[in-house]
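Undergrad: give me a 3D structure for the following:
(one chain, ligands or ions: 1)
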Amino acid sequence: MIKPLNTYEVWFITGSQDLYGDEILKNVAKHSEEIAKALDESSSIPVRVKYKTVVKSPDEVYATLEEANTSKSCVGVIAWMHTFSPAKMWIRGLNAFRKPLVHLHTQYNQGIPWDKIDMDFMNENQSAHGDREFGFMVSRLRKQRKVIVGHWKEEKVRKALGTWSRAAAGWHVLRQTKVARIGDNMREVAVTEGDKVEAQMKFGFSVNTYGVGDLVQFINAVKDNEVDQLISEYRDSYQVADTVLKSHALKDAAKIELGLKSFLEDGGFGAYTNTFEDLHGMKQLPGIASQRMMAAGYGFGAEGDWKTAALLHASKVMEQGLAGGTSFMEDYTYHFGEERSLVLGSHMLEICPSIASGKPRCEVHPLGIGGKEDPARLVFNVDGGEAINVSLVDMGNRFRMIVNEVKAIKPEKDLPKLPVARVLWDCYPDMETAAHAWILAGGAHHTVFSKALNTQYFEDLAEMMDIELLVIDKDTSIRNFKDQIRWNEIYYHHF
Ligand code: MN
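TA: So this is what the prediction gives:
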């Protein structure tokens, strides 16, 4: 349901001017094409890099950036000044430009040719000051952009472009995502609520409510042979006991999954929410169904949490091809330890198997909430490794993104009586400081948990979204974090 990243393009646009004559401009174009081709072929950049043109006048800048605005495949623009490019030329185009911009501050040659360098060479290779003129204009216009500095052959430059391009693709998709809110919110819950009109203005995605009966119609239309087929898929993909394979509960769960899938496909949704308080006409709270929808790339938020659902969908677009997986998550319960304290993350059912260690077990157990029949779910552990939790909250006058860098830890104990997928993690800088900062920031109990994406992806995304980002990492101190929140309160006051 997600389009592969290589169906998206970023356009490589080089700035120059008319003063240099044909010879130099020919070289500028040739070099630009060579750089764009090398970036396009780099395995670190998953989207296509398309050399567009050398712009030399205000009209050319404007026409090219307008074309980028309306292109369906272009998710962002890489700008580079090979020579000097007087930046008043860029004002009209940049003012109209609405997609992510990265300013690649590089130059064609890597080192200075000490013996050969002359004034012709100096004339042709002016990025060091040409890019500063451009940088001034972007800053003067208060335009968001990412700056990447380094030679274009360096791997770290390509990796930074790769990260930015993944964020740009996620942002491109998010801007047109339809989120279905099946049922409303879990009653009285605050953080999953928010201003859906403001969200659509800011992020582009729409959130609209559907009665659970709209979904039930799709579930009831599922045929028995489709259910049998899906159960064989469960049998092949997971560890399933024979008693479970033959159970009514698993048939009901499979039927729910097929109904949910066709409901989402029929509506063209990229993300959805549901709530255990509104399951009229359904036998179970969707467990394995939501787990598998997430694995297929849909965003999901429990209890009406549309912000996490939308963010998860964007994350699924960004992480394609990376190892580790990404899931809906909830900080569930703590282990206070003498040396270090840990968090056990989980949910009632809905954790994405993309983060699973090994083959998940498919089981049926009672659920102590919601008053429905016993739901089927996938149960698994998660391997150790670096990870993050990301939350998006509505602070009333603005949206705030919060990231906590964590380290997943392979559980040393079996947890034989816990019938849900779970992940254990240690927080940076430590659990007590991280939880303290998270609570001060108003971070939600629901998050996007990712082992595939790190903070940089979300920093790039938050800048494209033009929203506040608070990062809790190894350098976080509570005193500084409090100041940061206070200062941000002033900074975002004018929005
Ligand atoms: Mn929850």
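
Undergrad: how much space between residue 292 and the ion?
TA: 19 Å (CB to the ion, to the nearest Å). C-beta here means a position set from N, CA and C on the backbone, and glycine is covered the same way.

Undergrad: tell me who's in contact with that residue.
TA: For residue 292, the contacting residues are 257, 353, 378, by CB atoms under 8 Å, 6 or more residues apart in numbering.

Undergrad: that's a helix at it, yeah?
TA: Yes: counting by DSSP: H, G, I helix; E, B strand; the rest coil, residue 292 is part of a helix.

Undergrad: return the member of the contacts of residue 292 nearest to residue 306.
TA: residue 257 (21.0 Å; CB to CB).

Undergrad: that closest one: how many residues sit nearby?
TA: Each residue near residue 257 was counted by other CB atoms under 10 Å, and the total is 26.

Undergrad: which helix or which strand is home to it?
TA: Assigning secondary structure by DSSP states H and E places residue 257 in helix 248-267.

Undergrad: now swap in residue 471 and tell me
TA: Here residue 471 is assigned to strand 468-472, by DSSP H and E.

Undergrad: can you check residue 344 too?
TA: In the assignment (DSSP H and E), residue 344 maps to strand 342-346.

Undergrad: average pLDDT for the helix or strand following that strand?
TA: Sequence-wise, the next helix or strand downstream of strand 342-346 (DSSP H and E) is strand 361-364. Averaged over strand 361-364, pLDDT sits at 98.

Undergrad: for strand 361-364, which strands pair with it and how are they oriented?
TA: Using DSSP bridges, the strands paired with strand 361-364 in its sheet are strand 239-240 (parallel), strand 376-379 (antiparallel).

Undergrad: which residues touch that strand?
TA: Under the criterion CB under 8 Å, 6+ apart, residues 234, 238-241, 244, 247, 249-250, 253, 288, 374-380, 419 lie in contact with strand 361-364.

Undergrad: can we see that at 10 Å?
TA: 231, 234-235, 237-241, 243-245, 247-250, 252-253, 284, 287-288, 291, 373-380, 419-421 (CB atoms under 10 Å, 6 or more residues apart in numbering).

Undergrad: okay if I get the contacts of residue 292 as CSV plus pLDDT and distance to residue 68?
TA: Putting the contacts of residue 292 into CSV (pLDDT from 0 to 100; distance: CB to CB, whole Å) gives the following:
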residue, pLDDT, distance to residue 68
257, 98, 40
353, 98, 38
378, 98, 42
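
Undergrad: closest one to the ion out of the residues you listed, please.
TA: residue 378 (17.2 Å; CB to the ion).

Undergrad: just give me the neighbour total for the closest one.
TA: The number of residues near residue 378, taken as other CB under 10 Å, comes to 27.

Undergrad: tell me the pLDDT at residue 370?
TA: Per-residue confidence at residue 370 stands at 83 (pLDDT).

Undergrad: got the contact list for the residue lying closest to it once chain neighbours are set aside?
TA: Of all residues not flanking residue 370 in the chain, residue 276 sits nearest, at 3.6 Å (CB to CB, 6 or more residues apart in numbering). By CB under 10 Å, 6+ apart, residue 276 lies in contact with 183, 186, 284-286, 302-303, 348-349, 367, 369-372, 375.

Undergrad: cool, residue 90 as well?
TA: Taking CB under 10 Å, 6+ apart as the test, what residue 90 contacts is 15, 55, 58, 61-62, 65, 79, 81, 97, 133-134, 137-138, 141, 143.

Undergrad: SS state for it?
TA: Applying three-state DSSP: residue 90 is helix.

Undergrad: burial check on the residue nearest to residue 266 when sequence neighbours are not counted, number of neighbours?
TA: Spatial nearest neighbour of residue 266, chain neighbours left out: residue 218 (7.2 Å); criterion: CB to CB, 6+ apart. By the criterion of other CB under 10 Å, residue 218 has 20 neighbours.

Undergrad: got the contact list for residue 218?
TA: 255-256, 258-267.

Undergrad: what about these, which one has the most neighbours?
TA: Busiest of the contacts of residue 218 [other CB under 10 Å] is residue 256, holding 28 neighbours.

Undergrad: and the residue of the chain nearest the ion?
TA: For the chain, CB to the ion, closest residue to the ion: residue 302, 4.4 Å.

Undergrad: surely that residue meets residue 346?
TA: No: using CB atoms under 10 Å, residue 302 is not in contact with residue 346; the gap is 11.4 Å.

Undergrad: next, show the common contact partners of those two.
TA: residue 330.

Undergrad: quick one: which of these two has more around it?
TA: Counting neighbours by other CB under 10 Å for residue 302 and for residue 346 shows that residue 302 has the greater number, 23 against 19.

Undergrad: contacting residues for the closest residue in space to the more buried one that isn't next to it in sequence?
TA: In space, and not counting its chain neighbours, residue 302 is closest to residue 350: 5.7 Å by CB to CB, 6+ apart. By CB under 10 Å, 6+ apart, the residues touching residue 350 are 274, 285-291, 293-294, 300-302, 327-330, 377-378, 420-421.

Undergrad: and with 6 Å instead?
TA: 290, 302, 328 (CB atoms under 6 Å, 6 or more residues apart in numbering).

Undergrad: now stretch 474-487: buried residues?
TA: Of the residues in stretch 474-487, those with enough neighbours to count as buried (16 or more other CB atoms under 10 Å) are 476, 481, 484-485.

Undergrad: before we move on, what about stretch 232-247?
TA: 234, 238, 240, 244, 247.

Undergrad: what's the end-to-end length of that stretch?
TA: 13 Å (CA to CA, to the nearest Å).

Undergrad: picking up where we left off before, show me what the helix holding residue 257 is packed up against.
TA: helix 212-220, helix 224-237, helix 288-295, strand 376-379 (3 or more CB pairs under 6 Å, 6 or more residues apart in numbering; DSSP states H and E).

Undergrad: how about residues contacting it?
TA: For helix 248-267, the surrounding residues in contact (CB under 6 Å, 6+ apart) are 180, 215, 218-219, 222, 226-227, 230-231, 244, 283-284, 286, 288-289, 364, 374, 376.

Undergrad: about what we covered before: would the strand holding residue 344 count as contacting the ion?
TA: No: Strand 342-346 is not in contact with the ion by CB under 5 Å from the ion; minimum separation 9.7 Å.

Undergrad: tell me the strands beside that strand, with direction?
TA: When DSSP bridges is applied, strand 342-346 pairs with strand 326-335 (antiparallel), strand 422-427 (antiparallel).

Undergrad: mean neighbour count, distance to the ion and mean pLDDT added to those strands, as JSON lines?
TA: Conversion of the strands paired with strand 342-346 to JSON lines gives the following (neighbours: other CB atoms under 10 Å; distance: least, CB to the ion, whole Å; pLDDT from 0 to 100):
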{"stretch": "strand 326-335", "mean neighbour count": "20", "distance to the ion": "5", "mean pLDDT": "98"}
{"stretch": "strand 422-427", "mean neighbour count": "24", "distance to the ion": "14", "mean pLDDT": "98"}
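
Undergrad: closest to residue 20 out of these?
TA: Among these, the nearest to residue 20 by CB to CB is strand 326-335 (47.5 Å).

Undergrad: what's the offset of that closest one from the middle of its chain?
TA: Distance of strand 326-335 from its chain centroid, counting by CA atoms, centre = their mean, to the nearest Å, is 18 Å.
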